[in-house]
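*Asks:* Got a sequence here, can you model it:
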Amino acid sequence: MELTIFTDGGASGNPGPAAIGVVAYHGDDSIYQYSLPLGTQTNNTAEYLALLSAVSWLINYAQHNQLTQVTFKLDSELVVKQLNGQYKVKHPDLQLLHRMATQQLANLNAQFPIDIQHVKRADNTHADALVNQALDALLSPSQI
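*Replies:* Have a look, this model is predicted:
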């Protein structure tokens, strides 16, 4: 079974109110979607937290399903190039998140191939919409 997982993280301001969105597909069918407001974070931190959230879900999913390939698609060129070893991770706040992501991805990659690709924001609309929904919930005044 092949999966494609789109992740997105965003912040309104940098840092500012932030959220994540994750959508997993088997073929054309969405089999999982998740969004979460994060509170105040930077955009890059939100991008990493979105990926880590997807990896956490994938670890559980892989225990119950025979996976042959997983492709992650992110619209953060920085995070993709850091994860693929093309860029160094200089910011101390991102170093821990990067280390966590690379260790977990390496463990999964021992079970099935993992590919991490950069996509344009226009090709990541579902995960982006989930981020915006979570941000709207975070930024809207609460109903009493």
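*Asks:* who's in contact with the helix or strand of the chain with the lowest mean pLDDT?
*Replies:* Ranking every helix and strand in the chain by mean pLDDT, DSSP states H and E puts helix 125-139 at the bottom, with a mean of 93. Among residues not part of helix 125-139, those counted as contacts by CB atoms under 8 Å, 6 or more residues apart in numbering are 6-10, 12, 17-23, 30, 33-37, 39, 46, 50, 75, 121. For glycine as for every other residue, the C-beta is placed from the backbone atoms N, C-alpha and C.
*Asks:* Apply the buried test to those residues and list what passes.
*Replies:* Buried by 16 or more other CB atoms under 10 Å: 6-10, 12, 17-23, 34-37, 46, 50, 75, out of the contacts of helix 125-139.
*Asks:* got the residue ranges for the helices in the chain?
*Replies:* All helices of the chain, identified by DSSP state H, fall at 43-64, 77-83, 92-109, 125-139.
*Asks:* low pLDDT regions in the chain?
*Replies:* Flagging of the chain using pLDDT under 70 yields the residue ranges 141-144.
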